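K.L.:
what's the 3D shape of this:
(2 chains)
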Amino acid sequence: DIQMTQSPSSLSASVGDRVTITCRASQSISSYLNWYQQKPGKAPKLLIYAASSLQSGVPSRFSGSGSGTDFTLTISSLQPEDFATYYCQQSYSTSMYTFGQGTKLEIK
Amino acid sequence: QLQLQESGPGLVKPSETLSLTCTVSGGSISSSSYYWGWIRQPPGKGLEWIGSIYYSGSTYYNPSLKSRVTISVDTSKNQFSLKLSSVTAADTAVYYCARHAIFGVVIIDYWGQGTLVTVSS
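P.N.:
This next block holds a predicted model:
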């Protein structure tokens, strides 16, 4: 099975900060990597797919990069509504779509 | 606008079978471009992918749950269902149904609101 590891597990930041979250796969997954945002009590929302493609309707301050085993999600200038938990997810293995453990982004 | 809605008991006894149904509205479950799946989230924890099904009935399951999971589809009702047998307290979670869109990569682009299932006697 492909394991996904995110870092950090939690992060404190201020409005306006630039934030980067990392996701590492246990084997190469090419660019089959998606990022989701989840707010308390809500279903996750797709932000980035195929490592770097912005889902329709998602603000351009969100960006993704990487390929192979190492990926990053960057928020260029944090807004109050961005404080949430972020998950990466691989779709390389067609029989098993693994999520990372999540990164909780909190207000400093 | 596509909508997914989970339904089923919110309380299940240990050793029994958890059964949930997802009703899809605003789109057809028979489209060749999508899988339909289940994801769960224990309280305060992360997301765990359970499995998915194609409208033809082809299924994919998380290996760690495979022996206990059955996902089925009813195209006439535009619904798909989850059964998880021999549940324990560790199966207590919010269960989401979701659409998996296939276009080179697979993305989970529509989610239900989630339903909390508690396993307790």
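
K.L.:
what about the strands in the chain?
P.N.:
Here I'm looking at chain A. Under the criterion DSSP state E, chain A contains strands at A:4-7, A:10-13, A:19-25, A:33-38, A:45-49, A:53-54, A:62-67, A:70-75, A:85-90, A:103-107.

K.L.:
try again with chain B
P.N.:
Going by DSSP E, chain B shows strands at B:3-7, B:11-12, B:18-25, B:34-41, B:48-54, B:59-61, B:69-74, B:79-84, B:93-103, B:105-111, B:115-119.

K.L.:
The longest one - contacts with which helices or strands?
P.N.:
The one in question is strand B:93-103. Contact analysis of strand B:93-103 by 3 or more Cβ pairs under 8 Å, 6 or more residues apart in numbering or on different chains; DSSP states H and E lists strand B:3-7, strand B:18-25, strand B:34-41, strand B:48-54, strand B:79-84, strand B:105-111, strand B:115-119 as its packing neighbours. C-beta: built from backbone N, CA, C; applies to glycine.

K.L.:
Point out the one among those that comes closest to A:T5.
P.N.:
A:T5 sits nearest to strand B:48-54 of all the helices and strands packed on strand B:93-103, at 15.3 Å, using Cβ to Cβ.

K.L.:
List the buried residues for that closest one?
P.N.:
Of the residues in strand B:48-54, B:48-54 count as buried by neighbour count, 16 or more other Cβ atoms under 10 Å in any protein chain shown.

K.L.:
Please apply the same query to stretch A:34-42.
P.N.:
By neighbour count with 16+ other Cβ under 10 Å, stretch A:34-42 contains the buried residues A:34-38.

K.L.:
That one vs chain B: in contact?
P.N.:
Yes - residues of stretch A:34-42 contacting chain B under Cβ under 8 Å from any Cβ of the partner chain: A:34, A:36, A:38.

K.L.:
mind putting the residues you listed in TSV, pLDDT and distance to A:A51 included?
P.N.:
TSV is the format used below for these (pLDDT from 0 to 100; distance: Cβ to Cβ, whole Å):
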residue	pLDDT	distance to A:A51
A:N34	97	8
A:Y36	98	14
A:Q38	98	19
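
K.L.:
Out of these, the closest to chain B would be?
P.N.:
For these, the minimum distance to chain B (Cβ to the nearest Cβ) is 5.6 Å, reached by A:N34.

K.L.:
thinking that closest one is in contact with A:S52, fair?
P.N.:
No - A:N34 lies out of contact with A:S52 (Cβ atoms under 8 Å); the separation is 10.7 Å.
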